[in-house]
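Undergrad: 3D model of this:
(chains A and B)
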Amino acid sequence: MANLGIKFCGVEFANPTVLASGILGVTASSLKNVIRNGAGGVTTKSIWLEEHKGHKNPTMFGTENYFINAVGLSDAGIEKALSETFPEYNDGKLAPIIASIVAGKIDDFGLLAEKISECNPDIIEVNISCPNVENEFGKPFACVAGDAAKVTKVVKKALGGIIGGGKNIPVIIKLSPNVSNIGEIAKACRDAGADGFCAVNTFGPGLAVDINTRMPILTNKVGGVSGPGIKPLAVKCVYDVFKATGAPIVGTGGVLTGEDVIEMMMVGARLVGMGTMVYYRGVEGFKKVVSEIEEWCEKNGVKNLEEIIGTVKI
Amino acid sequence: MDGKKFDTKPVTIRIKKIIQESDTVNTYVFDYELGAKPGQFVMMWIPGVDEKPISVAYDDGSEFWLTVCNVGHATDALFKMKEGDFVGIRGPFGTYYRIDEGDHLALVAGGYGAAPMYFVAVEALKLNCKVEFLIGARSKDFVLYTKKILGLHGVNLHISTNDGSMGFTGLVTNLLENVILEVEKIDKVFTCGPEMMMKFVGDIAWKSGIDCYVSVEKYMKCGVGVCGQCAVDSTGVLACRQGSVMKYNYVRDLCEFGKYHRDAQGKKIYFGEKK
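TA: A predicted model of the protein is given here:
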């Protein structure tokens, strides 16, 4: 049997599948259930300093080809993460956990990173790319190289990572696909100290209209697009980020099957994030994806999954 | 893929008829082949306002009903709508009450729970079941569906009110204890209503050795097992997928059942605590 273990920024994952942020991530019991269903790791729902209300329903729906959502980053705030989510997850911890953090102001990312480091997350994911809160905060930081680099620096400084004095928790930046040159933005973050990336967040935002009422279906009107239809776009983004930086990447976007995971890894992903997959295959889909990866490795004589990372022939 | 149908976009359909059940409760009738089973719910979209999970009160294959209590901004907007207006429907979602041929059932409804329980009763009669229909409410103004239930042959209706303004004075759980003693054998108890009531109903059934199924109601966003908003502690199972109808044997071991639920931000709210 092939070895599916992956080392990502020094953290060992039993397999490359990771639950993406925003899916099944409200409680520790839900995150643990995802691990029991086969995921190699989980990402929390994005955590704010204070309680943050999301948008009103409908916040999401799916079709055969795409999924669209505008949950609006609802969260109870960091106090819940510190007092409930992390202690419960870490009690009998089953697999690595990535803490996703989000803020409207650059300095708040530093405060958040410092506070969340008390819970010893394995990795911190800095969400600067949600397309669903533009009304509140304007264009995401991930859309401007300078802003993205500033956030990276603030977080790294707060953790003491650059000079090595602090906890040195690896920091990955969640990138937006809605930019003209994702490689350039990734490069700016890497130069500012980013240990890796999660690429990519949802596309758009998109708009879906009910033709009987002539009204947008989502209450936020627009929402980020994910699902099978965006996979080739996400694969290209991951390839661009890998080419520009060579850094470790959690490749995310439209991945539903073991073969999709292999494809993402070939263009440079070390880990592969899945969110919308849960809509199409249920939480038990993680187990299925992992066995599909095993099957593929078996058929193709791959003994160690790390061998295939970035091996695309372009 | 797994051969499911993946379209969960809301279907907008016109309200065919609005029936006023009480000052605060309306039933909305739709001509639409929903294909719901008793205990399932839909996400009802009030265009431009909000979308809420509502249990199906009746579905005959070509028409279905949703009985809604006016409790907040979304239902307030719904109550201003007229026959012929469009609402959106996603679903049906979730598990349902499984009815076995010839069973003697006790259906225990708390308040508005009478509406989905009516649908259970209709389907149970088709399967030659005997039905004890118990409704508990604060006072007679909150007792719904009595005419419709009395119109069903083979159903015994038992009513309790806290203030004694209708039927037995006291709690529906006391009424259930009496019914279990009086009736030769209850095969199953199905209950739908406030969580604390369902907990006591479940405990009575448990002590009596009767299988009980409860409708676990949590804050819901997607309805399709993605957002994780309705995950229940401590197993993390989703009320929208593994529920809302769950066996009480399982539910009684969930550390949150009867203790707390969560708001739209995922924060715990203990029962009895003010928001």
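Undergrad: contacting residues around A:T85?
TA: Contacts for A:T85 were tallied using Cβ atoms under 8 Å, 6 or more residues apart in numbering or on different chains; they are A:T27, A:A28, A:L31, A:T44. For the C-beta atoms, the positions are set from N, CA and C on the backbone; glycine is no exception.
Undergrad: out of those, who's nearest chain B?
TA: Chain B has its nearest neighbour among the contacts of A:T85 in A:T27, at 5.3 Å by Cβ to the nearest Cβ.
Undergrad: Does that closest one touch B:T235 like I think?
TA: No - proximity of A:T27 to B:T235 does not meet the contact threshold set by Cβ atoms under 8 Å, at 10.6 Å.
Undergrad: Quick one: name the residues of the stretch 1-150 of chain A near chain B.
TA: Contacts of the stretch 1-150 of chain A with chain B, taken as Cβ under 8 Å from any Cβ of the partner chain, map to A:22-27, A:29-34, A:45, A:51-54, A:56-64, A:67, A:71, A:74-77, A:80, A:84.
Undergrad: Sitting in strands, which of these do you find?
TA: Among the residues of the stretch 1-150 of chain A next to chain B, the residues falling in strands (DSSP state E) are A:M60, A:F61, A:G62, A:F67.
Undergrad: Quick check: bridge partners of the first one?
TA: Taking DSSP bridges as the rule, A:M60 bridges to A:N69.
Undergrad: What is the least confident helix or strand in chain A?
TA: The helix or strand with the lowest mean pLDDT-type score in chain A, counting by mean pLDDT, DSSP states H and E, is helix A:134-137 (a mean of 85).
Undergrad: Specify the local secondary structure of A:R190.
TA: Of the three states, A:R190 takes helix under DSSP: H, G, I helix; E, B strand; the rest coil.
Undergrad: Give me the local confidence score for residue 43.
TA: Just going to use chain A. If you check A:T43, the pLDDT there is 98.
Undergrad: my bad, the chain I had in mind was chain B
TA: Looking at B:M43 specifically, the model assigns a pLDDT of 98.
Undergrad: got any ranges where the chain has weak pLDDT?
TA: Picking chain A for this. Flagging of chain A using pLDDT under 70 yields the residue ranges A:161-166.
Undergrad: sorry, should have said chain B
TA: Within chain B, the ranges that satisfy pLDDT under 70 run B:1-4, B:274-275.
Undergrad: on that earlier part again, biggest separation within the contacts of A:T85, which pair?
TA: Every pair in the contacts of A:T85 was compared (Cβ to Cβ); the two farthest apart turn out to be A:T27 and A:T44, at 9.9 Å.
Undergrad: which stretches of the chain form helices?
TA: You didn't say which chain, so I picked chain A. Shown for chain A, the helices assigned by DSSP state H span residues A:28-36, A:78-80, A:86-90, A:106-116, A:134-137, A:145-159, A:182-191, A:231-245, A:258-266, A:277-281, A:285-300.
Undergrad: right idea, wrong chain: chain B
TA: Assigned by DSSP H, the helices in chain B fall at B:73-79, B:114-126, B:146-150, B:172-182, B:195-207, B:248-251.
Undergrad: which residues does the closest residue to chain B within chain A contact?
TA: With Cβ to the nearest Cβ as the measure, A:N33 is the residue of chain A nearest to chain B, at 3.1 Å. For A:N33, the residues meeting the contact criterion (Cβ under 8 Å, 6+ apart) are A:L24, A:V283, B:A231, B:T235, B:G236, B:V237.
Undergrad: Quick one, which of those are buried?
TA: A residue is treated as buried here by neighbour count (16 or more other Cβ atoms under 10 Å in any protein chain shown); on that basis the buried members of the contacts of A:N33 are A:L24, A:V283, B:A231, B:T235, B:G236, B:V237.
Undergrad: Farthest-apart pair in these, please.
TA: Taking every pair in the buried ones among the contacts of A:N33 and measuring Cβ to Cβ, the maximum separation is 12.8 Å, between A:L24 and B:T235.
Undergrad: Can you give me every residue that contacts the residue of the stretch 151-275 of chain B found nearest chain A?
TA: Across the stretch 151-275 of chain B, no residue is closer to chain A than B:G236, which sits at 3.1 Å (Cβ to the nearest Cβ). Taking Cβ under 8 Å, 6+ apart as the criterion, B:G236 is in contact with A:L24, A:T27, A:S29, A:S30, A:L31, A:K32, A:N33, A:V34.
Undergrad: Please name the nearest non-neighbouring residue to the residue of the stretch 1-150 of chain B found nearest chain A.
TA: Nearest to chain A, among the residues of the stretch 1-150 of chain B, is B:E51, at 3.6 Å (Cβ to the nearest Cβ). Beyond its immediate neighbours in the sequence, the residue positioned closest to B:E51 (Cβ to Cβ, 6 or more residues apart in numbering or on different chains) is A:N57, lying 3.6 Å away.
Undergrad: The closest residue to B:F168 other than its chain neighbours and B:F200, how far apart?
TA: Beyond its immediate neighbours in the sequence, the residue positioned closest to B:F168 (Cβ to Cβ, 6+ apart) is B:S160, lying 4.1 Å away. Distance of B:S160 to B:F200, given as Cβ to Cβ, to the nearest Å: 13 Å.
Undergrad: what's the answer for B:V122, then?
TA: If you go by Cβ to Cβ, the gap between B:V122 and B:F200 works out to 26 Å.
Undergrad: Who are the contact partners of residue 70?
TA: No chain was given, so I picked chain A. A:A70 makes contacts with A:H55, A:T59, A:M60, A:N132, A:P205, A:L218, A:T219, A:N220, A:K221, A:V222, A:G223, A:G224, as judged by Cβ under 8 Å, 6+ apart.
Undergrad: look at chain B instead
TA: The neighbourhood of B:N70, defined by Cβ under 8 Å, 6+ apart, consists of B:T24, B:V25, B:N26, B:D76, B:L78, B:F79.
Undergrad: Select only the buried ones of those in ChimeraX?
TA: Applying 16+ other Cβ under 10 Å to the contacts of B:N70, the buried members can be selected in ChimeraX as follows:
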select /B:25,26,78,79
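Undergrad: Strands along the stretch 101-250 of chain B, start to end?
TA: Secondary structure of the stretch 101-250 of chain B by DSSP state E, counting those that start in this stretch: the strands cover B:104-110, B:130-137, B:155-161, B:168-169, B:188-192, B:211-215, B:231-232, B:237-238, B:245-247.
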